[in-house]
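*Asks:* got a predicted model here, sequence first, then my questions.
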Amino acid sequence: MPEMKSIRKLDAVVVGAGFGGMYMAYKLREMGLDFVGFEAADDVGGVWYWNRYPGARCDLMSVDYSYGFSREIEQEWTWSEQFAAQPEILAYAKFVADRLNLRPLFQFETRVVSAKWDDDRSLWIVATDKGDVFEATYCIMATGPLSVPKEPEFGPLSNFKGELYRTASWPKENVSFEGKRVGLIGTGSTGIQVVPEVAKEAKELYVFQRTPSFTMPMRNTKFDDEFTSELKRHYPQIRSVAYNSPLGGVRPQSTRPYFSIPLEQRQSLMEDAWKQGGLAFLGTFSDLLINEEANEEVAEFVRGKIRQVVKDPETAEKLIPRGYPIFARRPCLDTHYYEAFNQPNVHLIDCIGNEIERLSDNAVHTQNETVELDALIIATGFDGMTGALLNFEVTGKGGLPLADKWADGASSYLGMMMHGFPNMFLICGPNGPAVLANIISLNEQNVDWICALIDHISETGQHCFEVTQEAEDQWMDEVRSLAELTLVSKAKTWYTGANIQGKPRGLTVYTGGFKRYRDSCDEIAAKGYEPLVLN
Ligand code: NAP
């Protein structure tokens, strides 16, 4: 343990300098609060700082996946393409940090090791790995839903003595796979982006696939000057559409149920959606996430496309997802993923009934085979939603550990607060619409709502809030009853905790959509924050 230094008293601490933490820091400074932000990395960017693997790209459109709070930043920053790649998104985060002078508000390369509520003095005691201790009225967790990588079951990874890379902490230096035998484990959104890039370089690429994902062509496009100036002229309208949509972003919405039109027309619309790329299917029919039969027909259409693209029928059949609804796992958008399997140097290792058992010095050992490798890439996903908050000691009233509160599953109010944890805010926490909504819009909405509440507390002469157990229970009932209406919980995913052994199962996502969520939050504020006890 590092030696403890002096204690600094603050109005607030902010944990994390991703897009949520950056905007929170900006707002708290505007409000004149005394606060410190902490970030484990040496710079801003959050998930986009760490996930710098080849092919990393956002599958939400760049104009959506950007801050809307500053007209100046919108005008000064120019996106180069429809779906931005990681270097451009990280450059954007750095640009915002420079433009708003946010870096002095954070202590970088600093991890928070504990956050404990002091019942007697009604404040948070926050300690860092540098040995510093802070006492703060508010503790604001901007720790992100995807910041703690999953430790795969076949570990330890250190058993492999060749070059080992994790997509979630990719090195800053250039990595060359030229002339190497490379293994990739994991075929979620991340693995699917890695495959075509590494396939270009590697002598041999072995893709270890357990559950095949549905992925659709991204068909990314570059922006030209004319388009960009039109875009910049229309930002206010773009934001307005985004903030009033279920996704929190601009995406076509359909009111047309799948079976409301004849088969031929459905087929023709699906062909158009495939050609258009992106998530055009979700804008073509209204009921793909609630009607199992409609969902299965679209899934079958996509399976047909995989058979068309992948030349070897045996490989195509292995790549075809079955047994869960399309769009129930996070739908992936790819650039030549299936095409990569037509290259002679790309090999699919089907891990269904052939689980990876262990790693050794120079190989991955599955139940049925040993694959010798020079380099191994781990893209096995994250301990999503709750991982970051359970990664250090967080204790609420009466010393209640967060891990105990969440022993049977993460519970919260609006994904922003928890009974028993007064004056703590979560930005994009579990049981809000994060991961099903545009997280930048949600970050902004959460931060604005939290800051309005902080203002309200101080204006009313109070200094402490806590959500009632009753209000939290009611919110959780709503989250659960909405979840039952969708097909999203019907797949084994990180959305439901099913990717982590021993993690409580259950969809920790509000599926009512961004607009409805935002309306609920606004209504609570308009009614004077009734579900909160202020004192
Ligand atoms: P993921 O979707 O959870 O995928 C992890 C993959 O690793 C799955 O294919 C999983 O197979 C496999 N895996 C895990 N343990 C394994 C084992 N023991 N043996 C074999 N395979 C194993 O994680 P991700 O791809 O990192 O994506 C996570 C989320 O990040 C996405 O859902 C998305 O929200 C976000 N993301 C977004 C983008 C984007 O915007 N384009 C890009 C990357 C990530 P099983 O399913 O069988 O466990």
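*Replies:* On my side now, so go ahead. Numbering: from 1, shown residues only.
*Asks:* so what pLDDT did Met1 get?
*Replies:* Note on Met1: pLDDT of 52.
*Asks:* going forward, count from 746.
*Replies:* Done: numbering now begins at 746, and the last item shifts to Met746.
*Asks:* per-residue confidence for the residue in the stretch 896-1045 of the chain positioned nearest to the ligand?
*Replies:* Nearest to the ligand in the stretch 896-1045 of the chain, going by C-beta to the nearest ligand atom, is Gly933, at a distance of 2.2 Å. Every C-beta, even on glycine, is put in place using the N, C-alpha and C of the backbone. At Gly933, the pLDDT value in this model is 97.
*Asks:* and it, how many neighbours?
*Replies:* 21 (other C-beta atoms under 10 Å).
*Asks:* I'd say it and Ser958 touch.
*Replies:* Yes: with contacts defined as C-beta atoms under 8 Å, Gly933 counts as touching Ser958 at a distance of 5.9 Å.
*Asks:* so what sits against both of the two?
*Replies:* Common contact partners of Gly933 and Ser958 (C-beta atoms under 8 Å, 6 or more residues apart in numbering): Arg1074, Cys1077.
*Asks:* alongside the ligand, which residues does the stretch 1096-1245 of the chain contribute?
*Replies:* Cys1096, Ile1101, Ala1124, Thr1125, Gly1126, Phe1127, Val1180, Trp1239, Asn1244 (C-beta under 6 Å from any ligand atom).
*Asks:* so what's the fifth one up against?
*Replies:* The reference is to Gly1126. By C-beta under 8 Å, 6+ apart, the contact list for Gly1126 reads Pro894, Lys895, Gly931, Gly933, Thr935, Trp1239, Asn1244.
*Asks:* these in helices, which ones?
*Replies:* Thr935 (DSSP state H).
*Asks:* domain ranges for the protein, per the record?
*Replies:* 752-893+1129-1279, 902-1123 (automatic domain parsing).
*Asks:* comparing these, which comes out most buried?
*Replies:* domain 752-893+1129-1279 (a mean of 19; mean count of other C-beta atoms under 10 Å).
*Asks:* ok now that one, how far from the chain's centre?
*Replies:* The chain centroid and the centroid of domain 752-893+1129-1279 are separated by 12 Å under C-alpha atoms, centre = their mean, to the nearest Å.
*Asks:* give me the phi and psi for the residue of the stretch 896-1045 of the chain closest to the ligand.
*Replies:* phi -90, psi -160 (degrees, to the nearest 10).
*Asks:* same question, Asp1222
*Replies:* According to degrees, to the nearest 10, Asp1222 has phi -60, psi -40.
*Asks:* ok, back up a step: ok, which pair from the residues of the stretch 1096-1245 of the chain next to the ligand is furthest apart?
*Replies:* Ile1101 and Val1180 (26.2 Å; C-beta to C-beta).
*Asks:* can you pull the contacts of Tyr951?
*Replies:* Taking C-beta under 8 Å, 6+ apart, one finds Arg926, Val927, Gly928, Leu929, His1092, Ile1094, Val1109, Val1116, Leu1118 in contact with Tyr951.
*Asks:* give me the mean pLDDT for stretch 954-972.
*Replies:* pLDDT averaged over stretch 954-972 gives 96.
*Asks:* write out the residues of the stretch 946-1095 of the chain neighbouring the ligand.
*Replies:* Residues of the stretch 946-1095 of the chain lying near the ligand (C-beta under 6 Å from any ligand atom): Phe953, Arg955, Thr956, Arg1075.
*Asks:* 8 Å instead?
*Replies:* Phe953, Gln954, Arg955, Thr956, Ser958, Arg1074, Arg1075, Cys1077, Leu1078 (C-beta under 8 Å from any ligand atom).
*Asks:* who's in contact with the closest residue to the second one other than its chain neighbours?
*Replies:* If the residues on either side of it in the chain are set aside, Gln954 comes closest to Thr932, at 4.5 Å by C-beta to C-beta, 6 or more residues apart in numbering. The contact partners of Thr932, taken as C-beta under 8 Å, 6+ apart, are Val940, Val952, Gln954, Arg955, Thr956, Pro957, Ser958, Ala1124.
*Asks:* per-residue pLDDT, the closest residue to the ligand within the stretch 996-1145 of the chain?
*Replies:* In the stretch 996-1145 of the chain, the residue that lies nearest the ligand is Gly1126 (2.6 Å; C-beta to the nearest ligand atom). Listed pLDDT for Gly1126 reads 97.
*Asks:* Gln852 bridge partners, please.
*Replies:* Going by DSSP bridges, Gln852 is paired in beta bridges with Phe783.
*Asks:* from memory it sits against Ala785, does it?
*Replies:* No: with contacts counted by C-beta under 8 Å, Gln852 stays clear of Ala785, the gap being 10.2 Å.
*Asks:* so where's the chain shaky on pLDDT?
*Replies:* In the predicted model, the chain carries pLDDT under 70 at residues 746-749.
*Asks:* which one's the longest helix in it?
*Replies:* The chain, longest helix under DSSP H: helix 1184-1204.
*Asks:* if you count contacts, what does the following helix or strand past it end up packed against?
*Replies:* Helices and strands here follow DSSP states H and E; after helix 1184-1204, the next one along the chain is strand 1210-1212. Where contact means 3 or more C-beta pairs under 8 Å, 6 or more residues apart in numbering; DSSP states H and E, strand 1210-1212 is packed against strand 1277-1279.
*Asks:* from the rest of the structure, what touches the strand it packs on?
*Replies:* Strand 1277-1279 is contacted by residues Met1162, Leu1198, Ile1202, Thr1205, Gln1207, Cys1209, Phe1210, Glu1211, Val1212, Thr1213, Ala1216 when judged by C-beta under 8 Å, 6+ apart.
*Asks:* the residues of the stretch 1096-1245 of the chain next to the ligand in strands, which ones?
*Replies:* Ile1101 (DSSP state E).
*Asks:* contacting residues around Asn1188?
*Replies:* Phe764, Gly765, Tyr768, Ala887, Ile1172, Cys1173.
*Asks:* end-to-end on stretch 1118-1126?
*Replies:* 21 Å (C-alpha to C-alpha, to the nearest Å).
*Asks:* dump the contacts of Thr932 to CSV, plus secondary structure.
*Replies:* Listed next are the contacts of Thr932 as CSV, based on DSSP: H, G, I helix; E, B strand; the rest coil:
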residue, secondary structure
Val940, helix
Val952, strand
Gln954, strand
Arg955, coil
Thr956, coil
Pro957, coil
Ser958, coil
Ala1124, coil
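*Asks:* let me see the ranges of the helices in the stretch 996-1145 of the chain.
*Replies:* Assignment of helices within the stretch 996-1145 of the chain using DSSP state H, counting those that start in this stretch yields the ranges 1008-1021, 1037-1054, 1058-1064, 1082-1085.
*Asks:* the longest one relative to helix 1008-1021, how many degrees between them?
*Replies:* For the pair helix 1037-1054 and helix 1008-1021, the angle between their directions (axes from the mean of the first three to the mean of the last three C-alpha atoms, to 10 degrees) equals 60 degrees.
*Asks:* for helix 1037-1054, C-alpha coordinates in PDB please.
*Replies:* Extracted C-alpha coordinates of helix 1037-1054, given in PDB (Å, rounded to 0.1, in the frame of the first residue of the first chain):
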ATOM      1  CA  GLU A1037     -39.800 -13.600 -33.400                       C
ATOM      2  CA  GLU A1038     -41.200 -14.800 -36.700                       C
ATOM      3  CA  ALA A1039     -40.300 -11.600 -38.500                       C
ATOM      4  CA  ASN A1040     -36.800 -11.700 -36.900                       C
ATOM      5  CA  GLU A1041     -36.200 -15.200 -38.100                       C
ATOM      6  CA  GLU A1042     -37.100 -14.300 -41.700                       C
ATOM      7  CA  VAL A1043     -34.600 -11.500 -41.700                       C
ATOM      8  CA  ALA A1044     -32.000 -13.800 -40.000                       C
ATOM      9  CA  GLU A1045     -32.600 -16.300 -42.800                       C
ATOM     10  CA  PHE A1046     -32.100 -13.600 -45.400                       C
ATOM     11  CA  VAL A1047     -28.800 -12.700 -43.900                       C
ATOM     12  CA  ARG A1048     -27.800 -16.300 -43.700                       C
ATOM     13  CA  GLY A1049     -28.400 -16.600 -47.400                       C
ATOM     14  CA  LYS A1050     -26.100 -13.600 -48.000                       C
ATOM     15  CA  ILE A1051     -23.300 -15.300 -46.000                       C
ATOM     16  CA  ARG A1052     -23.700 -18.400 -48.200                       C
ATOM     17  CA  GLN A1053     -23.400 -16.200 -51.300                       C
ATOM     18  CA  VAL A1054     -20.200 -14.400 -50.100                       C
END
